[in-house]
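Trainee: A predicted structure for the sequence below; I have some questions about it.
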Amino acid sequence: MIRFGIPIVAALLSVVAPVVHAQEQARGSVTNRPIPRFVSLKTSEGNARRGPGLTHRIDWVFQHRGLPLEIIGEYEHWRRIRDRDGAGGWVHYSLLSGVRTALIEEDLTALLSRPVDGATEIARLELGVITRLHECNIDWCKLSIDGHKGWARKTSFWGVLPDEIRE
């Protein structure tokens, strides 16, 4: 059995008010893409600001390349994002990537050979590990890390909508 562990660091600079999550699947006013949707942090450091512009105060600094983030708003070249804890703000779109990642939320999550309970175990993933997200069905998603690819239940990680299906 292989175990992976990667620390996640998000430096808190000041308190951010929580963002209300929309119940309906809306469309972004800039990209016409679904809101909410998931992306990842393209760089090893990204400032989250109070508003969409460089003159707005920095509330958070995300410090982990590949961190999954949820886009919940758009304004010109800025995207309003939040992390799994609800922390966030406005980030310039150039700091974000369309590459999908997932953050493991259940310690020692089993990565399985097939999307069924009882399938052969490939690896176990520690709490806080960031993996690459691939295809998803209604209950399972295929994840990969360090050359190991397998299936995990959607309930064991953050970075995909509950009803999202990916091919």
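Mentor: Yep, that arrived.

Trainee: switch to C-alpha atoms for all contacts and neighbour counts from now on
Mentor: Fine.

Trainee: please pull out the lowest mean pLDDT helix or strand from this structure.
Mentor: One helix or strand of the chain scores below all others by mean pLDDT, DSSP states H and E: strand 10-12, with a mean of 30.

Trainee: which residue is nearest the centroid of the protein?
Mentor: By CA atoms, centre = their mean, the chain has its centre lying nearest to residue 68, at 2.0 Å.

Trainee: and that residue, how far from residue 38?
Mentor: 7 Å (CA to CA, to the nearest Å).

Trainee: same check on residue 62?
Mentor: According to CA to CA, residue 62 and residue 38 sit 16 Å apart.

Trainee: residue 45 too?
Mentor: Distance of residue 45 to residue 38, given as CA to CA: 18 Å.

Trainee: repeat that for residue 70.
Mentor: Here the criterion is CA to CA. By it, residue 70 lies 4 Å from residue 38.

Trainee: and for residue 124?
Mentor: From residue 124 over to residue 38 the distance is 24 Å, taken as CA to CA.

Trainee: circling back: residue 62 and residue 38: which is more packed in?
Mentor: residue 38 (25 against 21; other CA atoms under 10 Å).

Trainee: ok but that one is inside a strand, no?
Mentor: Yes: counting by DSSP: H, G, I helix; E, B strand; the rest coil, residue 38 is part of a strand.
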